[in-house]
Structure formats: C-alpha cells, structure tokens
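K.L.:
Starting from these lines, generate the structure:
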Amino acid sequence: MSRPIPQAETVKQRLPVASIVEAGRRIEDHILQTALVPSMALSERSGGSVHLKLEHHQLTGSFKLRGATNAILSLSEARKSKGVVTFSTGNHGRALSYAARRAGVACVICMSELVPQNKIDAIRTLGADVRIVGRSQDEAQMEVERLAEEAGMTVVPPFDDPLVIAGQGTLGMEILDDMANPDTVLVPLSGGGLISGVGRAIKAYCPQARIIGISMEKGSAMAASIRAGKPVTVEEVPTLADSLGGGIGLDNRWTFEMTRELVDEIVLLSEEEIAAGIAHAYWQEGEIVEGAGAVGIAALLAGKIDNPGQCVAIVTGCNLDMSVHHQLISAGRVSL
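P.N.:
Predicted structure coming up:
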C-alpha cells in the first residue's frame, strides 16, 4: 500500500519511516507476508476486537527473518566475502543462517548454554558454524566481537542495528495494510528491535495507537533498563519465553531510546501466564506457538490489557521443543 512518508519528529525517532518502506521493497521477495486474523475467543474474553498477526508462520518460524534479510541484502560484495557473525537466543541465529545461505555468505552463530537444543540443531541444519559460549548472551557477544576484529566478519546484531530494526518495522507496515487504525498493538519485548521497528511504523501513521511491550517477570532486561533509566544487566534464568532472554547491551545505541520513546506500557507475565498463552494458542486458535510468541495472547487472557479496542497481538515465533509443548497443552504447566 502506498502512503505518504512522515518525517522523524525527534532525535529518539532517528529511524526514518522511509528506511522501513525501503526495507519492505528490499525483502518482499524473500519473506512471507503473514496473515492478520480475528480471534473470537480473545475478543470475547477481553471485550475488544482482537486480531492475531501470525508471524510465526514466517519461513524460519519467527519475525527475525525480516531484519536478518534486510541486513544481509544491504551488504557490499566485499563485506559478503568476509562473512557475517552474530549472537542469538535462537531465532535471530536461525534467520541469519537462512538469509546468509540464500545469499552465499559464510555465517557464524554464537549462543549461550541456555539456548534450547532444538534451536541449536535447526541452525546447524542451515549450515552455519555454531559456537556455544558461556551461560549468557553477553558472553556469546564477546566471541562475536573477537571474530569481527580478528577475521573481519560483519556483525549483524539481533536487535540494536538500524537495518535490523527497519526490517522488523515492515511487520508494522503490514499490520497497517490490514487494519488502518489499530488502537492497541501488543509486541513481545526483548532487546527492542521488533518493538522499535513496529512502534516507529505504527505511530508514524497512527500516533494515537498504544504500543504495549510484553515480556516475562524473570530476566526482562529492557523492562529493567526502562525502570532504571539506562541500560542495565540482568541475570539470565530459564523461562518459557526463552527468546525474550538476554541483555540489551550497556552500550545500546538504538533500541533503548526508541523503546523509551515509542512504547506506552510494559506488561510482565508469570511463567504460569505464559504457559496459559501457549495452551490457548493451541486449543482455541489452532496454532503451535513458542512462549515468546504467546505473550500477547497471555497478557489478554490474564486481563492485563485494559480497553484493548481494535487490538493486534503479534505472534512472533513457533520454534519450541515439541516435548515441552506437549507437556504444556496436556497439563498446562512444565518444570524448567
């Protein structure tokens, strides 16, 4: 859909909407445009008109393919010849591996020991060089920095990068194509790449729309950083929403300020609430969704979203251990 391109209003909104539009053109032949579908069950439960953006149907099972593809396709030939490297809690690594393989670019993915084995296996299947480093994303990032310095590889960050943010922002533009005036958009919140891009796109055209970040009670680095007024570190602990784990970087240059500027509210969920969201997605919506992807659903079920109105919950990923999923949909709970 063609629409006028608003200019950035503040320094905190440094990402021009034009860069999101350009990213959309760049990646359109490399990704799926995912469906926005109504949820009768969640609408009745919440008193709003709830729609689910089924981004877990994306080619690599998560929204991350958008930003990774935009970054890869923006590289010069010289950069491509040196390869790319990143740190990841799983989904970004899978997306970058996929995009790099399609472009014929060598790829190294560094992850901590907390990343689920199913995500590690999926990345290896795509041909990437996987390196398991330490028990936190920050430790994995140290290996990334070493490879960038010693081997000249290009770092494609999972979130704190304008090309990645612009790629994720294309999801917001798709939402606007299907729902011209959303009242509330529920976005899983981790490092802030998705919510920065989506928030920038949505608020450029619908400034009245509420952007609500949803994360877990245990180990949400962005939520803790917003409370502190600056990027801070948090302990990484096991959680059903493992894709939302990891730090935002103490030297964060983009997503902390954009999240602080664009996000109206942050909602945190217990593990039991996240489990309920996964179970609802399966039994009521017919969708297999990982914990991080189910947090918007979970927040609505828990009654933590007031006056949702015309509401979009972004369902971001489906890359979870199916044995864990079986436990959740059978018993409604799982031991971590």
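
K.L.:
contacts and neighbour counts: CA atoms only from here.
P.N.:
OK.

K.L.:
domains for the protein, by residue range?
P.N.:
Per automatic domain parsing, the structural domains of the chain span 11-62+161-331, 64-155.

K.L.:
got a markdown table for those, with mean pLDDT and mean neighbour count too?
P.N.:
Converted to a markdown table, these look like this (pLDDT from 0 to 100; neighbours: other CA atoms under 10 Å):
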| stretch | mean pLDDT | mean neighbour count |
| --- | --- | --- |
| domain 11-62+161-331 | 95 | 21 |
| domain 64-155 | 93 | 21 |
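
K.L.:
Tell me where the chain has strands.
P.N.:
For the chain, applying DSSP state E gives strands covering 36-38, 49-54, 84-87, 107-111, 129-132, 154-155, 184-188, 210-216, 265-269, 310-315.

K.L.:
Strand partners (parallel or antiparallel) of the second one?
P.N.:
Meaning strand 49-54. Using DSSP bridges, strand 49-54 pairs in its sheet with strand 36-38 (antiparallel), strand 310-315 (parallel).

K.L.:
Let's have those in CSV, adding distance to Lys230.
P.N.:
CSV is the format used below for these (distance: least, CA to CA, whole Å):
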stretch, distance to Lys230
strand 36-38, 35
strand 310-315, 26
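
K.L.:
Of all these, which one comes closest to Val108?
P.N.:
When the strands paired with strand 49-54 are compared by CA to CA, strand 310-315 sits nearest Val108, at 27.1 Å.

K.L.:
What lies in contact with that closest one?
P.N.:
For strand 310-315, contacts defined as CA atoms under 8 Å, 6 or more residues apart in numbering pick out 48-56, 181-188, 289, 293-294, 296-297.

K.L.:
show me what contacts Val164?
P.N.:
Going by CA under 8 Å, 6+ apart, the list of residues near Val164 reads Arg66, Gly67, Ala68, Asn70, Ala71, Val156, Pro157, Pro158, Gly193.

K.L.:
Repeat that for Ala95.
P.N.:
Thr60, Ser62, Lys64, Leu65, Ala68, Thr69.

K.L.:
Quick check: Glu235 touching Gly219?
P.N.:
Yes: using CA atoms under 8 Å, Glu235 is in contact with Gly219, at 6.0 Å.

K.L.:
Could you measure from Glu285 over to Met40?
P.N.:
Here the criterion is CA to CA, to the nearest Å. By it, Glu285 lies 9 Å from Met40.

K.L.:
Would you check that Arg131 makes contact with Ile109?
P.N.:
Yes: between Arg131 and Ile109 there is a contact under CA under 8 Å: 6.2 Å.

K.L.:
Not counting sequence-adjacent ones, nearest residue to the most centrally placed residue in the chain?
P.N.:
The residue lying closest to the centre of the chain (CA atoms, centre = their mean) is Leu194, at 4.7 Å. Spatial nearest neighbour of Leu194, excluding adjacent residues (CA to CA, 6 or more residues apart in numbering): Gln168 at 5.3 Å.

K.L.:
returning to that earlier point: was I right to think the residue nearest to the centre of the chain contacts Thr170?
P.N.:
No: checked against CA under 8 Å, the pair Leu194 and Thr170 is beyond contact range at 9.7 Å.

K.L.:
need the helices for the stretch 151-300 of the chain, in chain order.
P.N.:
Ranges of helices within the stretch 151-300 of the chain are 162-178, 193-205, 221-228, 255-262, 271-283, 295-301, based on DSSP state H, counting those that start in this stretch.

K.L.:
Now tabulate those helices in CSV and tack on distance to Thr316.
P.N.:
Rendered in CSV, the data for the helices of the stretch 151-300 of the chain read as follows (distance: least, CA to CA, whole Å):
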stretch, distance to Thr316
helix 162-178, 10
helix 193-205, 10
helix 221-228, 18
helix 255-262, 18
helix 271-283, 12
helix 295-301, 9
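
K.L.:
how much space is there between Ala71 and Pro158?
P.N.:
From Ala71 to Pro158 the distance is 10 Å (CA to CA).

K.L.:
correct me, but Gln285 touches Ser39?
P.N.:
I think there's a mix-up here, since residue 285 is Glu and not Gln. Yes: counting by CA under 8 Å, Glu285 does reach Ser39; the two are 7.3 Å apart.

K.L.:
Just tell me which of the strands paired with strand 49-54 ends up closest to His326.
P.N.:
Of the strands paired with strand 49-54, nearest to His326 by CA to CA is strand 310-315, at 19.0 Å.

K.L.:
so the closest one versus helix 162-178, what angle?
P.N.:
With axes from the mean of the first three to the mean of the last three CA atoms, to 10 degrees applied, the angle from strand 310-315 to helix 162-178 works out at 140 degrees.

K.L.:
Give me the angle between strand 310-315 and helix 271-283.
P.N.:
Here strand 310-315 runs at an angle of 100 degrees relative to helix 271-283 (the same axes, to 10 degrees).
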